[in-house]
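> What would the 3D arrangement of this be:
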Amino acid sequence: MSLLEVRGLSKAYGIQNIFTEINFQIRRGEKVGLIGPNGAGKTTLVRCILGFEKPDSGHVVLTPGERIGYVEQDTGLGGSTLYDELVGAYGDVLGWQQDMRRLEDEIAGEQDTGRLEKCMKEYAQAVERFERGGGYEYENTVRRVAFGLGFSEEDLARRTGEFSGGQKTRICLARALIRQPDYLFLDEPTNHLDLGMVEWLEDFLTGYAGAVLVISHDRYFLDTVAERILAVENGTLAEYAGNYSEYLEKKAQKLAAQEKAYAKQQAFIAKTEEYIDRYRAGIKSKQARGRQSQLSRLERLARPEDSKGFDFFAFNPPAECAERVAELGEVKAGYRDKIVLNGVSFLVRRGDGVALIGPNGAGKTTLLKLLTGELMANSGKVKLGSRVKLGYFAQEHETLTDSNSVLDEIMREFAFSEERARHYLGAFLFRGEDVYKLVGDLSGGEKARLALLKLMLTGANFLILDEPTNHLDIAAREAVEEAIMNFPGTFLTVSHDRYFLDKVANRILELENGQLSEYAGNYSYYREKKAAIASEATQAASRHAAAGKKQNGKQEKTVQTPAGVNKNGGWRKPDTAKQAKKLEAEIAMLEHELAALEVRLNDPASHADVELSRELADEYAARQAELDEKYSAWLELTEG
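Down below sits the predicted model:
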């Protein structure tokens with residue numbers, strides 16, 4: 001049985017224990033989520049399993065011959081091209097290929113029979129290793145995976161340093177996925193990916209044959225992918241069957257049972273101590289001493305520790321504003337000659353919770369800048385309603401002063417008493433000694449929480465939030481969600497956190513190809529509507545195709561047959577089956593190339609360059625024609 005087993009793993013840095021006596025197993029095919037607060041040691045645990053760091057005790061058992069692929073956060077890439085970076089995953093295979101070439105030269109010039117026999121044996125072993133490692137297919141595999149992750153043929157020649165953060169994440173994913181490892185470890189893989197790419201990754205991992213261990217704060221992603229949750233809690237590991245939502249239910253049940261057992265034991269202790277005190281001296285002193293002895297031997301249960309989140313409080317109601325809070329009318333906007341938004345119109349009403357979604361580069365930040373006044377529209381109307389006080393949450397947190405303590409940051413800005421400042425800070429998970437930390441020493445997630453609290457205390461009645469849950473762990477995300485849900489004003493948020501959008505949004509605006517589409521519901525409603533629209537389009541296409549076939553006087557029935565089988569169920573000749581398999585691989589690659597070209601054709605940036613647009617269209621037409629030819633050849637083989 002294919003198995004990875006962790007036994008008794010412990011790790012400390014100095015006097016600080018990171019985790020103690022960690023034990024768990026992962027079987028081939030399992031999809032496991034690893035969760036816990038920031039700083040709990042999740043990444044350290046994975047690095048100990050992989051051997052990048054040495055644990056203080058314990059060990060890892062892995063079935064011999066099994067491979068582990070790893071995608072870490074913010075991994076560095078070399079200065080090579082994308083193609084060379086991906087081919088680098090085949091380092092061992094390329095080494096065997098060099099051995100084959102060397103041995104071929106030696107065999108060609110070798111005269112000694114004994115030496116020739118030895119070279120032939122070594123050559124056979126090198127060829128076997130090369131074939132087993134996918135050597136004859138590695139170039140096709142590199143292209144197939146790259147195209148599947150949205151890269152084009154031209155991208156393969158680009159230097160990796162030229163790509164964006166999201167593209168670099170995809171490069172690291174591609175490099176790990178190319179060799180189809182038996183175990184795939186992913187550390188925050190959805191960072192920097194837009195929603196389309198995250199959903200592609202979910203589908204890929206759900207169908208992945210190997211085991212997956214993923215560290216993530218993306219709860220929607222964990223709900224879709226994970227079948228089991230490992231939760232790092234106070235330096236130990238707790239296991240829960242099911243996805244993230246099931247984990248929440250089971251953890252709540254576990255906590256309720258612990259609280260009940262604790263309360264029951266506390267009642268027993270109190271009753272026993274009362275008996276001992278009452279009868280310490282007197283006729284029942286012997287029984288009292290027996291109960292004292294029983295009490296001293298009792299194993300005390302620890303008080304259950306609930307990871308306390310948001311403390312509800314009411315924000316001061318912001319000033320009333322107009323019913324029409326913000327509106328855009330037929331707006332065109334962009335940078336220099338590049339138009340990003342083309343005739344965009346929408347209205348935000350008082351009390352709305354609006355989510356703006358779309359692919360990276362679609363223009364979401366441009367739209368926010370129009371509303372905040374940082375950017376002027378080329379044409380059209382951008383208007384805020386009367387008495388609208390706008391508050392903007394930027395990812396850089398420019399409103400914070402690094403030299404202040406957390407407590408001073410709130411007290412000085414809003415002239416609050418210490419008690420009132422602590423009340424608000426506690427709601428955003430700054431408790432106890434945390435309030436004395438310097439702002440400059442806070443983590444990215446802590447700064448995000450503090451900046452959002454300040455924004456909500458300004459009295460703004462229209463909040464514009466740019467990725468408010470970035471860098472936050474799950475507890476902090478829940479605190480932010482509760483705060484926004486209890487905010488009595490209006491907000492518009494850009495976010496890739498679908499779980500967050502499901503809880504806070506009542507309208508979805510999708511920005512794509514410079515145009516807006518509106519959906520009156522949360523993210524799940526948007527997904528359902530998109531699926532229904534796609535299904536309706538597919539059915540319409542099927543009806544159209546069926547009508548076309550009837551018109552030709554034939555109602556053809558298409559039956560898919562496996563490679564190597566003809567339509568009558570008999571086996572084709574081996575060479576024909578091999579040709580069909582080769583054509584299937586070429587068809588798959590062409591389909592990936594067409595998908596990548598379609599993305600580029602739909603990119604507004606390509607529309608601005610007439611020459612580039614024409615070249616892309618010509619290339620798309622050529623690839624489509626080639627695909628049609630391949631399909632025709634495949635049909636001839638499979639129906640022969």
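> What distance do you get for residue 393 to residue 409?
Distance of residue 393 to residue 409, computed by CB to CB, to the nearest Å: 15 Å. Every residue, glycine included, has its C-beta placed from N, CA and C.
> Which one of those two is surrounded by more residues?
Set side by side, residue 393 and residue 409 show more neighbours around residue 409, with 26 against 22, by other CB atoms under 10 Å.
> Quick check: that one is in a strand.
No. Assessed with DSSP: H, G, I helix; E, B strand; the rest coil, residue 409 is helix; it does not lie in a strand.
> Enumerate every residue touching it.
Residues near residue 409 by CB atoms under 8 Å, 6 or more residues apart in numbering: 400, 401, 439, 450, 454.
> low-scoring stretches of the stretch 451-600 of the chain, by residue?
The stretch 451-600 of the chain contains residues with pLDDT under 70 at 545, 548-582, 584-585, 588-600.
> rewinding a little: among the contacts of residue 409, who's most crowded?
Highest neighbour count within these: residue 450, with 23 neighbours (other CB under 10 Å).
> Secondary structure element holding that residue?
In this structure, residue 450 sits in helix 444-457 according to DSSP states H and E.
> Over to residue 12?
Per DSSP H and E: strand 3-13 holds residue 12.
> picking up where we left off before, can you pull the buried residues of the helix holding residue 450?
Going by neighbour count (16 or more other CB atoms under 10 Å), the buried part of helix 444-457 is 445-457.
> Ok, stretch 119-127 next?
For stretch 119-127, by 16+ other CB under 10 Å, it's 119, 122, 123, 126, 127.
> now do stretch 242-261
Across stretch 242-261, burial judged by 16+ other CB under 10 Å covers 242, 243, 244, 246, 247, 248, 250, 251, 258.
> Report the buried residues of stretch 94-111.
Quick answer for stretch 94-111 (16+ other CB under 10 Å): 94, 96, 97, 99, 100, 103, 106, 110.
> give the contact list for the closest residue to the fifth one other than its chain neighbours.
To tie it back to what came earlier, the one meant is residue 100. Using CB to CB, 6 or more residues apart in numbering and skipping residues adjacent in sequence, the residue nearest residue 100 is residue 126, 4.9 Å away. Residue 126 is in contact with 96, 99, 100, 103, counting by CB under 8 Å, 6+ apart.
> same question, residue 508
Contacts of residue 508 by CB under 8 Å, 6+ apart are 354, 355, 357, 501, 518, 519, 521, 522, 523, 525, 526.
> That one in helix, strand or coil?
Residue 508 is classified as strand under three-state DSSP.
> Tell me where the stretch 101-250 of the chain has helices.
113-132, 138-148, 165-177, 195-206, 219-225, 244-278 (DSSP state H, counting those that start in this stretch).
> Quick check: the residue nearest to residue 587 when sequence neighbours are not counted vs residue 143, distance?
Spatial nearest neighbour of residue 587, excluding adjacent residues (CB to CB, 6+ apart): residue 630 at 5.0 Å. Taking CB to CB as the measure, residue 630 falls 15 Å from residue 143.
> Residue 186 now?
Residue 186 is 23 Å from residue 143, by CB to CB.
> Neighbour count for those two, which is higher?
residue 186 (24 against 18).
> To what extent is the nearest residue to the more buried one once chain neighbours are set aside buried, counted in neighbours?
Once flanking residues are discounted, residue 186 sits nearest to residue 214: 4.5 Å by CB to CB, 6+ apart. The number of residues packed near residue 214 is 24, by other CB under 10 Å.
> One more: the one 3 residues further on?
Neighbours of residue 217 under the rule other CB under 10 Å: 26.
> Might one say that it is in contact with residue 478?
No. The pair residue 217 / residue 478 is not scored as a contact, 10.6 Å apart, by CB atoms under 8 Å.
> what touches both of those two?
Common neighbours of residue 217 and residue 478 (criterion: CB under 8 Å, 6+ apart): none identified.
> still on that earlier bit, thinking the residue nearest to residue 186 is in contact with residue 191, fair?
No. Counting by CB under 8 Å, residue 191 is not a contact partner of residue 214; they are 12.0 Å apart.
> Check the contact between residue 219 and residue 472; I expect there is one.
No. Using CB under 8 Å, residue 219 is not in contact with residue 472, being 11.4 Å away.
> how close does residue 285 sit to residue 272?
15 Å.
> Looking at these two, which one has more neighbours?
Under the criterion of other CB under 10 Å, the comparison of residue 285 against residue 272 puts residue 272 first, with 16 against 12.
> Residue nearest the middle of this protein, spatially speaking?
Centroid-nearest residue in the chain: residue 190, 2.3 Å away (criterion: CA atoms, centre = their mean).
> Pretty sure it sits against residue 200.
No. With contact defined as CB under 8 Å, residue 190 does not count as touching residue 200 (11.0 Å).
> so how many other residues sit close to residue 183?
The burial count for residue 183: 23, using other CB under 10 Å.
> List the contacts of it.
4, 26, 28, 62, 66, 67, 68, 69, 210, 211, 212, 213.
> mind checking the backbone torsions on residue 327?
With angles defined as degrees, to the nearest 10, residue 327 sits at phi -150, psi 150.
> From residue 352, how far off is it?
12 Å.
> likewise residue 2?
51 Å.
> cool, residue 190 as well?
27 Å.
> Just confirm the residue nearest to residue 587 contacts residue 583, I think it does.
Yes. Applying CB under 8 Å, one finds residue 630 in contact with residue 583, separated by 5.7 Å.
> shaky segments in this structure?
In the chain, residues with pLDDT under 70: 1, 74-76, 78, 305-316, 545, 548-582, 584-585, 588-613, 634, 637-640.
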